[in-house]
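Q: Quick one: sequence plus predicted model below, questions after.
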Amino acid sequence: MDGLVHEQKAIKGLREAIAKNDKHEAIVALVLLFIWNDALQQEGRQSWRYHLHAMRALINSRRNTPGWNSFFGSYFEETYAILSIFGATLSKQYKSDVCDVFGESELPALLQRAEASSWTGCPAELLQVLCDVNRGVETESLALIDQFSCSQWAAKHHETSSVIMRTHLAEAYRGAISVYALRVLGRDVVRENVSFVVGRGISHLRQIPADDTHFKGILWPAFILGAESTDLVHRAVILEIFQNLSRLLQTWAVNQATIILQEIWSNADEPSINPQSWLQHVRDKGLELFLV
């Protein structure tokens, strides 16, 4: 009850600030907090996408104002881009509009900045591919995934002790984005080839210990690779990963993702059920999974 009261006060304050055309960065920060609050809700909420649309509007209205190109301005832009790209992957309602906000020429540099500040996440080049796939752009997407060198990307980081874990992290994202791209772009999924990609990705995931800093960055690829998996051993690995993620993050989204994975596997193993893309299943559930 206390939380709901404070949230109501925050929404009221936000409305008043917007009505006054308040340009303070705290307004954008508040919207970002609403997004994270939705991700943490135990009962699950779907209003994160409305807050993302609001964040887009606020950023657009502030981009050309004095002082916006400060640390906070850059941080909000980078965070919005990441949340928007990943938010669109498993949602039926939300469509990413990142390129409309920043433009195709500006986005690569922005994603590079985001990678530098959020270095336990997806490599910028692969995030760009994911953005293109969300938009239905097929040109060179799959080829770029295959050409991306995870080991070279990892070796560029200034902490040499992190190279091995960063390689595993990048390989997991590379495999997951490849699988996701095949589903979204409507390509014929060759079972043998996909099984190899999934198995390789999961083998990299299992090399990242739950107490390692990079572990918190594997939520999205673990779900995608798990959803595509048909191997019982691989599924067991994914379940263990989600159990550890649940203890680490303690969010509704992680618990719900675990339930949905088990539904996907059950449907895939039941011959009496008409085959359906796991991605279509997730979107048709209408739960608007927000895994970042």
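A: Yep, that arrived.
Q: helix, strand or coil for the nearest residue to residue 85 once chain neighbours are set aside?
A: Nearest residue to residue 85, sequence neighbours excluded (CB to CB, 6 or more residues apart in numbering): residue 131, at 5.0 Å. Backbone N, C-alpha and C define where each C-beta goes, glycine included. Following DSSP: H, G, I helix; E, B strand; the rest coil, we place residue 131 in the helix state.
Q: Use 10 as the first number for this chain going forward.
A: New numbering, starting at 10: the last item is residue 140.
Q: correct me, but residue 140 touches residue 109?
A: No: applying CB atoms under 8 Å as the test, residue 140 and residue 109 come out as separate, 11.4 Å apart.
Q: Which one's more surrounded, those two?
A: residue 140 (23 against 11; other CB atoms under 10 Å).
Q: what residues are up against that one?
A: Residues in contact with residue 140, defined by CB atoms under 8 Å, 6 or more residues apart in numbering, are 94, 105, 107-108, 116, 120.
Q: go on, residue 176?
A: Residues in contact with residue 176 (CB under 8 Å, 6+ apart) are 159-160, 162-163, 213.
Q: Out of these, which is nearest to residue 30?
A: Taking CB to CB as the measure, residue 30 lies nearest residue 162 of these, at 42.4 Å.
Q: in the stretch 110-259 of the chain, what spans have low per-residue confidence?
A: Within the stretch 110-259 of the chain, the segments meeting pLDDT under 70 span 147-148, 196-201.
Q: Apply 90 and report the result again.
A: With pLDDT under 90 as the threshold, the stretch 110-259 of the chain has low-confidence stretches at 110-114, 125-130, 144-155, 165-170, 191-203, 258-259.
Q: Which stretches in it count as helices?
A: Ranges of helices within the stretch 110-259 of the chain are 116-126, 133-143, 150-156, 159-164, 172-193, 200-214, 228-237, 241-258, based on DSSP state H, counting those that start in this stretch.
Q: Of the contacts of residue 176, which pair is most distant in space?
A: Using CB to CB, these reach their maximum pairwise distance at 162 and 213, which is 13.3 Å.
Q: who's in contact with residue 293?
A: residue 101.
Q: and it, how far is that from residue 269?
A: Separation of residue 293 from residue 269 (CB to CB, to the nearest Å): 11 Å.
Q: next one: residue 125
A: Remark: distance between residue 125 and residue 269 (CB to CB) = 32 Å.
Q: These two: which is more packed in?
A: The neighbour comparison of residue 125 against residue 269 (other CB under 10 Å) goes to residue 269, with 20 against 11.
Q: In contact with that one, which residues?
A: Contacts of residue 269 were listed using CB under 8 Å, 6+ apart, and they are 290-291, 294, 296, 298.
Q: Return the helix or strand in which it is found as PDB; C-alpha atoms alone will do.
A: Residue 269 is part of helix 261-278 when elements are defined by DSSP states H and E. Taking Å, rounded to 0.1, in the frame of the first residue of the first chain, the C-alpha atoms of helix 261-278 are listed here in PDB:
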ATOM      1  CA  TRP A 261       8.600 -10.900 -11.800                       C
ATOM      2  CA  ALA A 262       9.900 -11.000 -15.400                       C
ATOM      3  CA  VAL A 263      12.500 -13.700 -14.600                       C
ATOM      4  CA  ASN A 264       9.900 -15.900 -12.900                       C
ATOM      5  CA  GLN A 265       7.400 -15.400 -15.600                       C
ATOM      6  CA  ALA A 266      10.000 -16.200 -18.300                       C
ATOM      7  CA  THR A 267      10.700 -19.500 -16.600                       C
ATOM      8  CA  ILE A 268       7.000 -20.400 -16.600                       C
ATOM      9  CA  ILE A 269       6.700 -19.500 -20.300                       C
ATOM     10  CA  LEU A 270       9.800 -21.500 -21.200                       C
ATOM     11  CA  GLN A 271       8.300 -24.600 -19.700                       C
ATOM     12  CA  GLU A 272       5.100 -24.000 -21.600                       C
ATOM     13  CA  ILE A 273       7.000 -23.700 -24.900                       C
ATOM     14  CA  TRP A 274       8.900 -26.900 -24.200                       C
ATOM     15  CA  SER A 275       5.600 -28.700 -23.300                       C
ATOM     16  CA  ASN A 276       3.900 -27.600 -26.400                       C
ATOM     17  CA  ALA A 277       6.900 -28.500 -28.600                       C
ATOM     18  CA  ASP A 278       7.000 -32.000 -27.100                       C
END
